[in-house]
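Undergrad: Can you look at this prediction? I've put the sequence above it.
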Amino acid sequence: MARRSPEGRRAARWGSAGLVLALLGLAGGACAPEPRSVLPDPGFVPAGRDSASGGAPVLRLAVLPLANYTATRDGSDRVAPMILAELAAKPGVVVADAGAVQQALDQEPWLLVDRVPPDLVDRLAAQLQVEALVLGSLMTYEYRDAAGDKVPQVSLSMRLIHCPGGKVLWSAVHSRDGDDSEWFFGFGRVRGLEQLAGITIREMLGKFPAPQAGVPPKPRGEK
């Protein structure tokens, strides 16, 4: 076998380095979408206080079942536990038991869980002893065909409403595709539907407001 000259070996090394840099450049070019999030009263989310932790602000909330607008019949049942777990892990947030929430809803004839009237908001909050409700809709939860491959898609909307009254304190909409973070021939692609749902939820709730106890700001024009 013929041995490479020093110049040939150097050229091969530079070629390999160039390939690595090109791949890293492609990786840096992958840009996933950001969730669209709105906080009407920046820096303020009404909350109670926790006597067990020295009076620190605590937001007690209940997560209503997701309205499912997808063809996947159990899609909301798969996604809801991820939302509950992500919220429960946030400092200062206490999430009501899902069984208690369902029991309270079973006593009401209203079926549109993403469009709850103010009187029902107040009744649910009083029964569950919470300061806020999280309502949401699952709009996409499926695989799409991509050149013979299956690529997951997830789209969610959520909002936090104050109790009593039903004022929107925070809202977010986010859509993710399994190819969003792909950077080179399948590298970076998310292939599992539940994995992609978890990423979508973490990104959405990454902008969830921190509880702050105090007096809410007055509406404009009010003295």
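TA: All right, it came through fine.

Undergrad: What is the neighbour count of Val173?
TA: As a burial measure, Val173 scores 17 neighbours (other C-beta atoms under 10 Å). The C-beta positions use only the backbone N, C-alpha and C, and glycine is treated the same way.

Undergrad: again with Asn68
TA: Neighbours of Asn68 (other C-beta under 10 Å): 20.

Undergrad: from memory it sits against Gly136, does it?
TA: No. Here Asn68 does not reach Gly136: they are 10.1 Å apart, not a contact under C-beta atoms under 8 Å.

Undergrad: Phi first, then psi, for Arg123.
TA: Backbone torsions for Arg123, taken as degrees, to the nearest 10, come to phi -70, psi -40.

Undergrad: Is it in contact with Glu108, as I believe?
TA: Yes. With contacts counted by C-beta under 8 Å, Arg123 reaches Glu108, the gap being 7.5 Å.

Undergrad: I'd like to know how many residues surround Ala88.
TA: Ala88 has 12 neighbours, counted by other C-beta under 10 Å.

Undergrad: of Arg123 and Glu108, who's got more company?
TA: Neighbour tally, Arg123 and Glu108, criterion other C-beta under 10 Å: the higher count belongs to Arg123, 17 against 13.

Undergrad: list the buried ones in the helix or strand Thr140 falls within?
TA: Thr140 is part of strand 132-146, with elements assigned from DSSP states H and E. Residues 132-141, 143 are the ones in strand 132-146 that count as buried (16 or more other C-beta atoms under 10 Å).

Undergrad: just these now: which is nearest Arg73?
TA: Tyr141 (10.2 Å; C-beta to C-beta).

Undergrad: Once you drop chain neighbours, what's closest to that closest one?
TA: Gly75 (3.8 Å; C-beta to C-beta, 6 or more residues apart in numbering).

Undergrad: same question, Asp145
TA: In space, Asp145 is closest to Val151, 7.9 Å off (C-beta to C-beta, 6+ apart).

Undergrad: Wait, a strand at the one you found?
TA: Yes. Remark: Val151 belongs to a strand, assigned using DSSP: H, G, I helix; E, B strand; the rest coil.

Undergrad: how close does it sit to Arg191?
TA: From Val151 across to Arg191, the span is 8 Å (C-beta to C-beta, to the nearest Å).

Undergrad: Those two: which is more packed in?
TA: Val151 (20 against 13).

Undergrad: Could you list which residues are in contact with the more buried one?
TA: 143-145, 177-179, 189, 191 (C-beta atoms under 8 Å, 6 or more residues apart in numbering).

Undergrad: from the residues you listed, which has minimum pLDDT?
TA: Sorting those by pLDDT puts Arg189 at the bottom of the list (69).

Undergrad: who touches both of Val151 and Arg191?
TA: Gly178.

Undergrad: and the closest residue in space to Gln195 that isn't next to it in sequence, how many neighbours?
TA: In this structure, Gln195 finds its nearest non-sequential neighbour in Pro152, 7.7 Å apart by C-beta to C-beta, 6+ apart. Using other C-beta under 10 Å, Pro152 has 24 other residues around it.

Undergrad: roughly how far apart are Pro152 and Ile161?
TA: Distance, Pro152 to Ile161, by C-beta to C-beta: 29 Å.

Undergrad: which regions of the protein sit below the pLDDT cut-off?
TA: Applying pLDDT under 70 to the chain flags the ranges 1-31, 40-55, 181-189, 212-223.
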